[in-house]
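Asks: Sequence below, structure please.
(chains A, B, C and D)
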There are 2 protein chains.
Amino acid sequence: MSRRRAGVTIKHVAADAKVSLQTVSRVINNEPNVRPETRSRVQASIDKLGYVPLIAAQRLSGRRSYLILVLNDRDRTIADWKARQGGDWVNQMLLGGMLKASEHGYRLILELVDTHSDQIERELATTIGALQPDGVILTPPHSENAQICQLLESHGIPFVRIGAAGDGPGFSVTMDDAGSAREATEHLIGLGHRRIGFIAGLPEYSLSAWRVDGWRAAMADAGLPCEDLLVQGDFGYQSGIEATNRLLALHPRPTAIIASNDQMALAALEAARNMKLDVPGSLSLVSFDNTPVVRFIQPPLTAVDQPIAETVAKAVELLIAAARGEPSHGPEVVPGHLVPRESTGPARPTG
Amino acid sequence: MSRRRAGVTIKHVAADAKVSLQTVSRVINNEPNVRPETRSRVQASIDKLGYVPLIAAQRLSGRRSYLILVLNDRDRTIADWKARQGGDWVNQMLLGGMLKASEHGYRLILELVDTHSDQIERELATTIGALQPDGVILTPPHSENAQICQLLESHGIPFVRIGAAGDGPGFSVTMDDAGSAREATEHLIGLGHRRIGFIAGLPEYSLSAWRVDGWRAAMADAGLPCEDLLVQGDFGYQSGIEATNRLLALHPRPTAIIASNDQMALAALEAARNMKLDVPGSLSLVSFDNTPVVRFIQPPLTAVDQPIAETVAKAVELLIAAARGEPSHGPEVVPGHLVPRESTGPARPTG
DNA sequence: TTGAAAGCGCTAACAG
DNA sequence: CTGTTAGCGCTTTCAA
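Replies: Presented below is the predicted three-dimensional model:
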């Protein structure tokens, strides 16, 4: 008869506490309408028997799955892992997300999705159908993917878009890219720099534009021109080299450069070295992301720290609140901050 | 009547294909005893309707959960994440584990467990009870935890112990720590070193001893004494400083040091610098783990690369095979390898 | 405040 | 080769 392992179920608890299944269920889910006395009797049985609700069963009978799905870009993530360059986006995501989730009895499942595939829809529908997560977290560039957002909406699954504009569907949590870029720029201006180059990231990421905006605003506020000081990069090392070469060929040469991510900043450092420019003596450098390597390189880079853990924790909170039917908030912004290190210094006249 | 979202279930498929539920189930699970013709008709309906089996339902009816649980040490993992020093154990684990798992329709769930808690048992029982994973992967130091192993055994859940001795319960996958240590030692001997110090890791990790063994064996083979050259560390930075100071105070001074992990190697580098010793001019240094930082430090460290991704992938394979009732293998060994960089050079007579 | 009954979507056991 | 039946463990009606 027993075709599975001996497990204590709600039935055993009910029998032990001499109540109905329903009452046990109510206790488990902290629902009202149970006399305190009954509740504690049931709880005692639960503890005594070591009963644990089986999530699959809870899900099946229409309740929550206690699962939150995090969607990352497949190629990018795998490439990062294989490169072993110390990128820690995923680590910070787990740090913020897992811990917050587990506070509420939820679990995170990381899933890699092929952005460029024309099968996203099928892939995603399969995952969602199979898992029935209570919420989904979208990271860039998926957070800007209309197809994905629409699919999630049509399934009625709450989702958070990280690093994407707040006016779309779902919740939005951003890291104040503009503010951070402004802070970085003001830091340099404070050091006396007047020609500050900016290497932008891929235009399909909204945050690329926001970072440019922050820089522009700070420059404008200080009455400094941006003119030829903005060059396009693609977040990759090679593009950083090219962008830097372009900037350093200008007359007069910029005395500082802000790169939209660490890879490009590392590239900028290399490019500067190739031109025998000392950092920070002849060129100050600020980077975005603050991945571990930038602390170990010589000189350690001044960088904008992206509060990934905090942001993802916030995302998880929004999702859990939504699953509980709590009222939803507007777009959330988690501020980043500048970490000054040795790659930035006082401006010196260019040669 | 419909108290849940419209979802296409096995019933719809059965109706559409004009077969019984059971036949659909057989097709889904690739079971035999279905006429090819019937099979393809069912498959057509599945595709047409976009049917996806709900994992919770499969689990509930006694089938597999398609979940593999990975247990990591809570404090260590969180500390690593917070330190942001570029440790990428988790990344490599996910790289190897997730990809392999997804090949077979499985998913990985990472769970942090408190080793020092006297509640491990309850904590674990809860997780296992709630999730009912088809397999569990234990990483050090949990892989050596008798309490955990016993609990898993009593629940009848297949599990793999990574980096633990092969003679315990469950499957075992190791990274040939002894072989790697031997390779590192032979590399140094080949460079002419005769006094090679070794900084051991925490004794509660079996792999600490294996690394020592490999070093000892290589030294013995070359007819070199180990005597006072072995000092105890605890994998932490501070212990690396102290151990190195101890070694460098010896007469004659060792010309090379192998540290049992990167943190201690980084510490050794620092300690050597404090004594104005050039690396690798006056002291060669080899480290274990090969985390990203050791490539970015000056000089880049020669290191033993731990094949974490491969190892975890192997673990996942073992678990899936076990879930399928395939015959089990003996202990598996995934070889690591030495990555020579600039921290090792020819031995020079000590002063 | 409590309980009884009816499923959720799927599979195992047994017929045919 | 295919179908029927009886649950898996839990929650949701709805009734008491």
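Asks: where does chain A have low pLDDT?
Replies: Residues of chain A that meet the criterion pLDDT under 70 lie in A:1-6, A:350-351.
Asks: at 90 what do you get?
Replies: Under the criterion pLDDT under 90, the flagged ranges of chain A are A:1-7, A:29-34, A:61-64, A:86-87, A:115-122, A:154-156, A:165-168, A:227, A:323-330, A:348-351.
Asks: need the residues of it near DNA strand D, please.
Replies: A:3-4, A:7, A:9-11, A:21-22, A:24-25, A:28-29, A:51-54, A:57-58, A:60-63 (Cβ under 7 Å from any atom of the strand). Using the backbone N, CA and C atoms, a C-beta is placed for each residue, glycine as well.
Asks: Now a ChimeraX select for only the buried ones of those.
Replies: Filtering the residues of chain A next to DNA strand D down to the buried ones (16 or more other Cβ atoms under 10 Å in any protein chain shown) takes a single ChimeraX command:
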select /A:9,10,24,25,28,51,52,53,54,57,58,60
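Asks: Could you restrict the residues of chain A next to DNA strand D to the ones contacting DNA strand C?
Replies: A:Arg3, A:Leu21, A:Gln22, A:Leu60, A:Ser61, A:Gly62.
Asks: ok, so what distance separates the most centrally placed residue in chain A from A:Val173?
Replies: Residue closest to the mean C-alpha point of chain A, counted by Cα atoms, centre = their mean, is A:Ile308 at 4.8 Å. Using Cβ to Cβ, to the nearest Å, A:Ile308 is found at 11 Å from A:Val173.
Asks: Can you say which helix or strand has the residue of the stretch 101-250 of chain A at minimum distance from DNA strand C in it?
Replies: Of all residues in the stretch 101-250 of chain A, the one sitting closest to DNA strand C is A:Gly129 (8.1 Å; Cβ to the nearest atom of the strand). Using DSSP states H and E, A:Gly129 maps to helix A:120-131.
Asks: closest to A:Asp118 among the ones next to DNA strand C among the residues of chain A next to DNA strand D?
Replies: Nearest to A:Asp118 among those is A:Leu60, at 32.6 Å by Cβ to Cβ.
Asks: In this structure that closest one contacts B:Ile55, no?
Replies: No: A:Leu60 is not in contact with B:Ile55 according to Cβ atoms under 8 Å; the separation is 10.0 Å.
Asks: ok, now which ones touch the closest residue to DNA strand C within the stretch 251-351 of chain A?
Replies: For the stretch 251-351 of chain A and DNA strand C, the shortest gap (Cβ to the nearest atom of the strand) falls at A:Ala323, measuring 18.3 Å. With contacts defined as Cβ atoms under 8 Å, 6 or more residues apart in numbering or on different chains, A:Ala323 is in contact with A:Arg64, A:Asp134, A:Gly135, A:Pro158.
Asks: Pretty sure the last one sits against A:Leu319.
Replies: Yes: A contact is recorded between A:Pro158 and A:Leu319 when judged using Cβ under 8 Å, the distance being 5.5 Å.
Asks: near DNA strand C, which residues of chain A?
Replies: Residues of chain A lying close to DNA strand C by Cβ under 7 Å from any atom of the strand are A:3, A:18-23, A:26, A:32-35, A:37-39, A:60-62.
Asks: what's next to the helix holding A:Gly129, contact-wise?
Replies: A:65, A:67, A:69, A:71, A:109, A:111, A:113-114, A:117, A:136, A:145, A:147-148, A:151-152, A:155, A:157, B:7, B:50, B:52-55, B:66, B:107.
Asks: picking up where we left off before, what is in contact with A:Ile308 and A:Val173 at once?
Replies: By Cβ under 8 Å, 6+ apart, no residue touches both A:Ile308 and A:Val173.
Asks: all strands for the stretch 1-150 of chain A, in order.
Replies: Under the criterion DSSP state E, counting those that start in this stretch, the stretch 1-150 of chain A contains strands at A:67-73, A:107-113, A:135-138.
Asks: Neighbours of the residue of the stretch 101-250 of chain A closest to DNA strand C, how many?
Replies: 17 (other Cβ atoms under 10 Å in any protein chain shown).
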